[in-house]
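> sequence and computational prediction follow.
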Amino acid sequence: MEKATRPAVTLRAMSEADLEAAHALSRELNWPHRLEDWQFFLEFGQGVVAERDGAVVGTAMCWLFGEKAGTLGMVIVSPDAQGLGIGRKLMAAVMDILGNRTMMLHATEEGLSLYQSLGFVAVGEVFQHQGTAFSVPLPELLPDERVRPMGLRDMEIITDLDARATGMDRRRLIDTMDKSALGVMLTRDHEVAGFALFRKFGRGYVVGPTVAPDIGGAKALISHWLGANAGMFCRVDVTEASGLSPWLDELGLQRVGRVTRMIRGTPVPVDAEFHTFSLVTQALG
Ligand SMILES: CC(C)(COP(=O)(O)OP(=O)(O)OC[C@H]1O[C@@H](n2cnc3c(N)ncnc32)[C@H](O)[C@@H]1OP(=O)(O)O)[C@@H](O)C(=O)NCCC(=O)NCCS
(Lines give C-alpha, C1' and ligand atoms only; values in the text may rest on other atoms or scores of the structure.)
Protein backbone atom coordinates (compact mmCIF):
# COMPACT_ATOMS: atom_id res chain seq x y z
CA MET A 1 0.00 0.00 0.00
CA GLU A 2 1.26 3.48 -0.84
CA LYS A 3 2.29 5.45 2.22
CA ALA A 4 0.48 8.80 2.56
CA THR A 5 2.91 11.71 2.79
CA ARG A 6 2.00 14.88 4.65
CA PRO A 7 2.09 17.98 2.39
CA ALA A 8 5.06 20.24 3.20
CA VAL A 9 4.45 23.44 5.14
CA THR A 10 6.41 26.53 4.14
CA LEU A 11 6.71 29.84 5.95
CA ARG A 12 6.97 33.24 4.29
CA ALA A 13 6.46 36.92 5.06
CA MET A 14 2.84 38.06 5.20
CA SER A 15 1.77 40.58 2.56
CA GLU A 16 -1.38 42.57 1.94
CA ALA A 17 -2.45 39.83 -0.51
CA ASP A 18 -2.61 37.30 2.38
CA LEU A 19 -5.02 39.28 4.50
CA GLU A 20 -8.24 37.80 3.12
CA ALA A 21 -6.95 34.30 3.87
CA ALA A 22 -5.75 35.45 7.30
CA HIS A 23 -9.17 36.96 7.95
CA ALA A 24 -10.83 33.67 6.95
CA LEU A 25 -8.65 31.88 9.53
CA SER A 26 -9.62 34.21 12.37
CA ARG A 27 -13.28 33.87 11.39
CA GLU A 28 -12.93 30.10 11.47
CA LEU A 29 -12.09 30.49 15.18
CA ASN A 30 -14.95 32.96 15.70
CA TRP A 31 -12.53 35.78 16.42
CA PRO A 32 -14.26 39.12 15.76
CA HIS A 33 -11.53 40.79 13.64
CA ARG A 34 -12.63 42.44 10.38
CA LEU A 35 -10.48 42.53 7.27
CA GLU A 36 -9.83 46.19 8.16
CA ASP A 37 -8.44 45.12 11.55
CA TRP A 38 -5.92 42.83 9.84
CA GLN A 39 -5.00 45.68 7.47
CA PHE A 40 -4.51 47.97 10.45
CA PHE A 41 -2.19 45.40 12.11
CA LEU A 42 -0.05 45.02 8.99
CA GLU A 43 0.24 48.77 8.43
CA PHE A 44 2.77 49.11 11.25
CA GLY A 45 3.64 45.46 11.88
CA GLN A 46 5.05 42.37 10.25
CA GLY A 47 3.59 38.94 9.81
CA VAL A 48 4.49 35.41 8.80
CA VAL A 49 2.15 32.95 7.10
CA ALA A 50 2.36 29.17 6.96
CA GLU A 51 1.32 27.72 3.63
CA ARG A 52 0.33 24.14 2.83
CA ASP A 53 -0.71 23.03 -0.66
CA GLY A 54 -0.91 26.69 -1.68
CA ALA A 55 -3.34 27.55 1.14
CA VAL A 56 -2.62 29.74 4.18
CA VAL A 57 -3.03 27.49 7.25
CA GLY A 58 -1.35 29.67 9.87
CA THR A 59 -0.40 33.21 10.82
CA ALA A 60 1.64 35.08 13.42
CA MET A 61 2.35 38.80 13.67
CA CYS A 62 4.67 41.08 15.61
CA TRP A 63 5.13 44.77 16.21
CA LEU A 64 8.47 46.39 16.99
CA PHE A 65 7.92 49.20 19.46
CA GLY A 66 11.36 50.80 19.65
CA GLU A 67 14.69 49.03 20.11
CA LYS A 68 13.89 47.49 23.47
CA ALA A 69 10.44 45.92 23.22
CA GLY A 70 7.76 44.51 20.97
CA THR A 71 4.52 42.58 21.06
CA LEU A 72 3.29 39.58 19.12
CA GLY A 73 -0.10 38.10 18.40
CA MET A 74 -2.60 36.83 15.83
CA VAL A 75 -0.96 33.40 16.26
CA ILE A 76 -3.45 31.11 14.56
CA VAL A 77 -3.24 27.65 13.06
CA SER A 78 -6.23 26.30 11.16
CA PRO A 79 -8.01 23.64 13.30
CA ASP A 80 -7.31 20.94 10.70
CA ALA A 81 -3.56 21.72 10.78
CA GLN A 82 -3.08 22.04 14.56
CA GLY A 83 -0.78 19.78 16.57
CA LEU A 84 1.71 19.39 13.70
CA GLY A 85 4.34 21.84 14.90
CA ILE A 86 3.19 24.76 12.70
CA GLY A 87 2.42 27.05 15.66
CA ARG A 88 5.90 26.48 17.07
CA LYS A 89 7.51 27.29 13.68
CA LEU A 90 5.45 30.47 13.30
CA MET A 91 6.48 31.57 16.79
CA ALA A 92 10.16 30.95 16.00
CA ALA A 93 9.80 33.14 12.90
CA VAL A 94 8.22 36.14 14.66
CA MET A 95 10.57 35.82 17.64
CA ASP A 96 13.42 36.00 15.15
CA ILE A 97 12.04 39.31 13.83
CA LEU A 98 11.72 40.67 17.39
CA GLY A 99 15.37 39.71 18.03
CA ASN A 100 16.63 40.45 21.52
CA ARG A 101 13.77 42.79 22.37
CA THR A 102 11.61 42.10 25.41
CA MET A 103 8.51 40.36 24.02
CA MET A 104 4.96 40.65 25.27
CA LEU A 105 1.79 38.81 24.33
CA HIS A 106 -1.67 37.92 25.59
CA ALA A 107 -2.21 34.18 25.60
CA THR A 108 -5.40 32.24 25.15
CA GLU A 109 -5.78 29.01 27.10
CA GLU A 110 -4.76 27.10 23.95
CA GLY A 111 -1.56 29.06 23.43
CA LEU A 112 -0.31 28.99 27.06
CA SER A 113 1.80 25.83 26.99
CA LEU A 114 3.43 26.73 23.68
CA TYR A 115 4.43 30.17 24.99
CA GLN A 116 5.63 28.80 28.34
CA SER A 117 7.86 26.34 26.51
CA LEU A 118 9.38 29.28 24.60
CA GLY A 119 10.35 31.14 27.78
CA PHE A 120 7.32 33.43 28.24
CA VAL A 121 6.26 34.00 31.84
CA ALA A 122 2.73 34.91 33.04
CA VAL A 123 2.59 38.37 34.64
CA GLY A 124 -1.14 39.08 34.92
CA GLU A 125 -4.60 38.69 33.47
CA VAL A 126 -6.63 40.77 31.05
CA PHE A 127 -10.43 40.63 31.08
CA GLN A 128 -12.48 41.15 27.94
CA HIS A 129 -15.71 43.08 28.55
CA GLN A 130 -18.29 43.86 25.92
CA GLY A 131 -21.94 44.55 25.32
CA THR A 132 -24.56 46.85 23.90
CA ALA A 133 -27.09 47.59 26.62
CA PHE A 134 -25.71 49.83 29.31
CA SER A 135 -26.51 53.00 31.14
CA VAL A 136 -23.59 55.04 32.28
CA PRO A 137 -23.95 57.46 35.16
CA LEU A 138 -22.11 60.73 34.77
CA PRO A 139 -18.60 60.30 36.15
CA GLU A 140 -17.80 61.97 39.44
CA LEU A 141 -15.02 64.35 38.51
CA LEU A 142 -12.55 65.81 40.96
CA PRO A 143 -12.49 69.59 41.38
CA ASP A 144 -10.46 70.96 38.42
CA GLU A 145 -10.81 67.67 36.56
CA ARG A 146 -12.22 67.70 33.00
CA VAL A 147 -12.68 65.35 30.06
CA ARG A 148 -12.33 67.22 26.77
CA PRO A 149 -12.09 66.21 23.10
CA MET A 150 -8.64 65.51 21.72
CA GLY A 151 -7.14 68.39 19.76
CA LEU A 152 -4.64 68.35 16.90
CA ARG A 153 -1.72 69.10 19.16
CA ASP A 154 -2.59 66.32 21.60
CA MET A 155 -1.08 63.51 19.50
CA GLU A 156 2.41 64.26 20.79
CA ILE A 157 1.15 64.21 24.38
CA ILE A 158 -0.70 60.94 23.75
CA THR A 159 2.45 59.34 22.31
CA ASP A 160 4.41 60.50 25.33
CA LEU A 161 1.85 59.32 27.93
CA ASP A 162 1.50 55.98 26.16
CA ALA A 163 5.28 55.53 26.21
CA ARG A 164 5.41 56.36 29.90
CA ALA A 165 2.63 53.90 30.75
CA THR A 166 3.83 51.00 28.57
CA GLY A 167 7.60 51.60 28.48
CA MET A 168 7.38 51.18 24.69
CA ASP A 169 7.78 53.60 21.82
CA ARG A 170 4.45 53.06 20.05
CA ARG A 171 4.58 56.19 17.88
CA ARG A 172 3.88 54.24 14.67
CA LEU A 173 0.82 52.63 16.23
CA ILE A 174 -0.50 55.93 17.59
CA ASP A 175 0.15 57.65 14.24
CA THR A 176 -1.79 54.90 12.43
CA MET A 177 -4.66 55.15 14.93
CA ASP A 178 -4.74 58.90 14.42
CA LYS A 179 -6.38 58.23 11.02
CA SER A 180 -9.27 56.22 12.46
CA ALA A 181 -9.67 56.89 16.18
CA LEU A 182 -11.45 59.54 18.19
CA GLY A 183 -9.89 60.65 21.45
CA VAL A 184 -10.64 62.38 24.73
CA MET A 185 -8.16 63.87 27.16
CA LEU A 186 -8.33 63.92 30.94
CA THR A 187 -7.07 67.17 32.40
CA ARG A 188 -6.38 68.03 36.03
CA ASP A 189 -5.68 71.63 36.84
CA HIS A 190 -5.48 72.30 33.07
CA GLU A 191 -2.64 69.76 32.68
CA VAL A 192 -3.20 66.64 30.58
CA ALA A 193 -3.24 63.63 32.92
CA GLY A 194 -4.60 60.88 30.65
CA PHE A 195 -6.45 59.96 27.47
CA ALA A 196 -8.70 57.32 25.92
CA LEU A 197 -9.07 56.45 22.24
CA PHE A 198 -12.20 55.03 20.63
CA ARG A 199 -12.36 53.33 17.25
CA LYS A 200 -14.08 50.69 15.17
CA PHE A 201 -12.94 47.15 15.81
CA GLY A 202 -14.44 43.71 15.39
CA ARG A 203 -18.20 43.62 15.98
CA GLY A 204 -18.43 47.29 16.97
CA TYR A 205 -16.17 49.71 18.79
CA VAL A 206 -13.31 49.43 21.24
CA VAL A 207 -12.24 51.84 24.00
CA GLY A 208 -8.45 51.70 24.21
CA PRO A 209 -5.84 52.48 25.00
CA THR A 210 -6.91 54.22 28.17
CA VAL A 211 -4.02 55.76 30.07
CA ALA A 212 -4.66 57.53 33.38
CA PRO A 213 -2.98 58.18 36.71
CA ASP A 214 -5.64 56.30 38.73
CA ILE A 215 -8.90 54.37 38.52
CA GLY A 216 -11.02 57.51 38.97
CA GLY A 217 -9.43 59.10 35.91
CA ALA A 218 -9.83 55.91 33.91
CA LYS A 219 -13.54 55.68 34.81
CA ALA A 220 -14.08 59.29 33.76
CA LEU A 221 -12.48 58.61 30.36
CA ILE A 222 -14.19 55.29 29.68
CA SER A 223 -17.57 56.63 30.90
CA HIS A 224 -17.32 59.35 28.29
CA TRP A 225 -17.16 56.85 25.41
CA LEU A 226 -19.71 54.40 26.79
CA GLY A 227 -22.16 57.17 27.67
CA ALA A 228 -21.85 58.78 24.24
CA ASN A 229 -22.39 55.41 22.53
CA ALA A 230 -25.12 53.77 24.62
CA GLY A 231 -26.75 50.95 22.71
CA MET A 232 -23.75 50.44 20.42
CA PHE A 233 -21.65 47.30 20.70
CA CYS A 234 -18.55 48.32 22.67
CA ARG A 235 -15.58 46.31 23.88
CA VAL A 236 -13.06 47.15 26.60
CA ASP A 237 -10.09 44.90 27.46
CA VAL A 238 -8.94 45.79 30.95
CA THR A 239 -6.07 44.52 33.05
CA GLU A 240 -7.01 42.67 36.22
CA ALA A 241 -4.81 45.13 38.12
CA SER A 242 -6.93 48.04 36.82
CA GLY A 243 -9.77 47.09 39.18
CA LEU A 244 -12.27 48.11 36.47
CA SER A 245 -13.79 44.70 35.82
CA PRO A 246 -16.58 44.77 38.49
CA TRP A 247 -17.51 48.33 37.47
CA LEU A 248 -17.84 47.35 33.80
CA ASP A 249 -20.02 44.36 34.80
CA GLU A 250 -22.29 46.75 36.72
CA LEU A 251 -22.60 48.98 33.67
CA GLY A 252 -23.77 45.99 31.63
CA LEU A 253 -20.53 45.34 29.78
CA GLN A 254 -20.21 41.69 30.70
CA ARG A 255 -16.91 39.94 31.13
CA VAL A 256 -16.83 37.39 28.31
CA GLY A 257 -13.24 36.14 28.39
CA ARG A 258 -9.79 36.34 29.87
CA VAL A 259 -6.26 36.04 28.52
CA THR A 260 -2.91 35.78 30.28
CA ARG A 261 -0.41 38.56 29.88
CA MET A 262 3.04 37.05 29.26
CA ILE A 263 6.50 38.47 28.92
CA ARG A 264 9.84 37.12 27.75
CA GLY A 265 12.96 39.08 28.67
CA THR A 266 13.68 41.94 31.02
CA PRO A 267 10.55 43.99 31.88
CA VAL A 268 10.76 47.47 30.33
CA PRO A 269 10.81 50.34 32.84
CA VAL A 270 7.55 52.31 33.10
CA ASP A 271 6.62 55.60 34.74
CA ALA A 272 4.81 54.74 37.99
CA GLU A 273 2.60 57.84 37.60
CA PHE A 274 0.67 56.53 34.56
CA HIS A 275 -1.06 53.21 33.94
CA THR A 276 -2.65 51.52 30.96
CA PHE A 277 -6.19 50.67 32.06
CA SER A 278 -7.50 49.33 28.75
CA LEU A 279 -5.69 47.87 25.76
CA VAL A 280 -5.67 48.83 22.07
CA THR A 281 -6.33 45.15 21.34
CA GLN A 282 -5.08 41.96 22.97
CA ALA A 283 -2.55 41.48 20.15
CA LEU A 284 -1.03 44.94 20.54
CA GLY A 285 -1.25 45.35 24.32
C1 LIG B 1 -2.13 27.82 19.87
C2 LIG B 1 -1.92 27.30 18.45
C3 LIG B 1 -1.46 28.45 17.58
C4 LIG B 1 -0.84 26.22 18.48
O5 LIG B 1 -0.56 25.85 17.14
P6 LIG B 1 -0.19 24.35 16.74
O7 LIG B 1 0.32 24.34 15.37
O8 LIG B 1 -1.35 23.47 17.05
O9 LIG B 1 0.96 24.06 17.79
P10 LIG B 1 2.18 23.05 17.63
O11 LIG B 1 1.72 21.83 16.90
O12 LIG B 1 3.36 23.78 17.10
O13 LIG B 1 2.43 22.67 19.14
C14 LIG B 1 3.06 23.58 20.00
C15 LIG B 1 2.74 23.21 21.43
O16 LIG B 1 1.37 23.50 21.67
C17 LIG B 1 0.83 22.50 22.54
N18 LIG B 1 -0.24 21.82 21.84
C19 LIG B 1 -0.41 21.64 20.52
N20 LIG B 1 -1.55 20.99 20.27
C21 LIG B 1 -2.10 20.75 21.47
C22 LIG B 1 -3.29 20.12 21.90
N23 LIG B 1 -4.15 19.59 21.02
N24 LIG B 1 -3.56 20.08 23.21
C25 LIG B 1 -2.69 20.60 24.10
N26 LIG B 1 -1.55 21.20 23.77
C27 LIG B 1 -1.26 21.27 22.47
C28 LIG B 1 1.94 21.59 22.92
O29 LIG B 1 2.52 22.12 24.10
C30 LIG B 1 2.90 21.76 21.79
O31 LIG B 1 4.18 21.52 22.26
P32 LIG B 1 5.13 20.38 21.60
O33 LIG B 1 5.66 21.00 20.35
O34 LIG B 1 6.17 20.16 22.62
O35 LIG B 1 4.25 19.19 21.36
C36 LIG B 1 -3.22 26.67 17.90
O37 LIG B 1 -3.69 25.72 18.80
C38 LIG B 1 -4.32 27.66 17.60
O39 LIG B 1 -4.36 28.27 16.54
N40 LIG B 1 -5.27 27.83 18.54
C41 LIG B 1 -6.39 28.72 18.36
C42 LIG B 1 -5.94 30.17 18.29
C43 LIG B 1 -5.25 30.60 19.53
O44 LIG B 1 -5.75 30.45 20.62
N45 LIG B 1 -4.04 31.14 19.35
C46 LIG B 1 -3.20 31.64 20.42
C47 LIG B 1 -3.42 33.11 20.51
S48 LIG B 1 -2.54 33.82 21.86
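Looks like it arrived, so ask away.
> what's the burial count for the closest residue to Arg101 other than its chain neighbours?
Spatial nearest neighbour of Arg101, chain neighbours left out: Gly70 (4.6 Å); criterion: Cβ to Cβ, 6 or more residues apart in numbering. Glycine gets a C-beta too; all of them are placed from N, C-alpha and C. By other Cβ atoms under 10 Å, the residues close to Gly70 number 25.
> partner residues bridging Gly70?
Leu64, Met103 (DSSP bridges).
> which ones are touching it?
When contacts are counted by Cβ atoms under 8 Å, 6 or more residues apart in numbering, Gly70 touches Cys62, Trp63, Leu64, Leu98, Arg101, Thr102, Met103, Met104, Met168.
> which stretches of the stretch 1-150 of the chain have low pLDDT?
1-5, 133-134 (pLDDT under 70).
> gap between the closest residue to the ligand within it and Gln46?
Closest to the ligand within the stretch 1-150 of the chain is Gly87: 2.2 Å, counting by Cβ to the nearest ligand atom. Going from Gly87 to Gln46 by Cβ to Cβ, to the nearest Å gives 18 Å.
> same question for Met104.
Separation of Met104 from Gln46 (Cβ to Cβ): 16 Å.
> wasn't Met91 part of a helix?
Yes. Per DSSP: H, G, I helix; E, B strand; the rest coil, Met91 lies within a helix segment.
> got the contact list for it?
Contacts of Met91 were listed using Cβ under 8 Å, 6+ apart, and they are Ala60, Leu72, Val75, Leu114, Tyr115, Leu118.
> how deep is the third one tucked in, by neighbour count?
Think Val75. 23.
> which residue sits closest to it, ignoring its sequence neighbours?
Ala60 (4.6 Å).
> OK, contacts around the closest residue in space to Gln254 that isn't next to it in sequence?
Leaving aside its sequence neighbours, Gln254 sits nearest to Gly131 (Cβ to Cβ, 6+ apart; 5.4 Å). By Cβ under 8 Å, 6+ apart, the contact list for Gly131 reads Phe233, Cys234, Gly252, Leu253, Gln254.
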